[in-house]
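Participant: Return atomic coordinates for the entry below.
(one chain, ligands or ions: 1)
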Amino acid sequence: MANFELISFANADELAARAASAWLDEIAAANHAARPHCVALSGGRIALKFFTSVVAQTKAREISLGLVHFFCADERCVPPDDAESNFRAAHELLFAPLRVNDAQIHRIHGEDSPEIAAQKATMDISHVAPKNSAGQPVLDLIFLGMGEDGHVASLFPGKMEGKMPADIFCAVNNSPKPPPDRVTLSYAAIAAAKNVWVLASGAGKETALRESLSPSGKTPLARVIQSRFRTKILTDIRPG
Ligand code: 6PG
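Facilitator: So this is what the prediction gives:
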């Protein structure tokens, strides 16, 4: 039985709309149970469409985000007002339009070095998210994008191979996707999450998706899928 669920869409707009709708269902359920919802967001082009859909649907459905804690699956080590900052994109397109309280936003301090920023982000998430027996935070949901090489967050092919590090957030130097210095959730942290939804969108990614879905795949996304019981993949890519 496959340990992933693949949901295909005709285009990025439909993908973003469904992802937003499904996420808001999760938040509404958490609200009903009066429990916090800890989520980690990724960057990238599909994330921008996704955030826009979330804002429109949140307002239309009048859903409160007051119990949501927002983390980052990864961040570029640039200032928070830099055009390359994942925090800046989320702030402009999601947090500000929905007036999310600063206390709910756990940004990675991209203005620091990757090493310092990773340490700070690890301390922050450790104070907020419940942990499993291995000491990993158990986030309710992690959103990932997928790059043309099958990378997710800032976990790139050939990096952080070997055993699953006990780290929660890791420093990344010389990233093949600019900017070079980044911070990323580790494979272990992603494996520990209750849910992982991959928004895999865009041209030139057919081979990466096909490889990632293979039980013998070697891409970072393949490693994530193989490390988890279940991963949901929402895509407008035809894996072929
Ligand atoms: C980052 C992202 C990265 C992104 C993928 C997909 O900080 O660069 O977190 O992992 O999600 O590269 O990006 P696109 O959706 O733009 O292809």
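Participant: drop to CA atoms for contacts and neighbour counts, all remaining ones
Facilitator: Noted.
Participant: Output stretch 110-125 as PDB, nothing but the C-alphas.
Facilitator: Provided in PDB are the C-alpha atoms of stretch 110-125 (Å, rounded to 0.1, in the frame of the first residue of the first chain):
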ATOM      1  CA  GLY A 110      17.200  35.100   8.600                       C
ATOM      2  CA  GLU A 111      19.200  38.100   9.600                       C
ATOM      3  CA  ASP A 112      21.500  35.800  11.600                       C
ATOM      4  CA  SER A 113      24.000  33.200  10.300                       C
ATOM      5  CA  PRO A 114      22.400  29.900   9.400                       C
ATOM      6  CA  GLU A 115      23.900  28.300  12.500                       C
ATOM      7  CA  ILE A 116      22.600  31.000  15.000                       C
ATOM      8  CA  ALA A 117      19.200  31.100  13.200                       C
ATOM      9  CA  ALA A 118      18.900  27.300  13.400                       C
ATOM     10  CA  GLN A 119      19.600  27.400  17.100                       C
ATOM     11  CA  LYS A 120      17.100  30.100  17.800                       C
ATOM     12  CA  ALA A 121      14.400  28.400  15.700                       C
ATOM     13  CA  THR A 122      15.000  25.100  17.500                       C
ATOM     14  CA  MET A 123      14.600  26.800  20.900                       C
ATOM     15  CA  ASP A 124      11.500  28.600  19.800                       C
ATOM     16  CA  ILE A 125       9.700  25.600  18.400                       C
END
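Participant: So that stretch, near the ligand or not?
Facilitator: No. Against the ligand, stretch 110-125 shows no contacts by C-alpha under 6 Å from any ligand atom, the least distance being 11.5 Å.
Participant: could you say what helices and strands the host helix or strand of Met123 packs with?
Facilitator: When elements are assigned from DSSP states H and E, Met123 belongs to helix 114-128. Applying 3 or more C-alpha pairs under 8 Å, 6 or more residues apart in numbering; DSSP states H and E, one finds that helix 114-128 makes contact with strand 169-172, strand 182-185.
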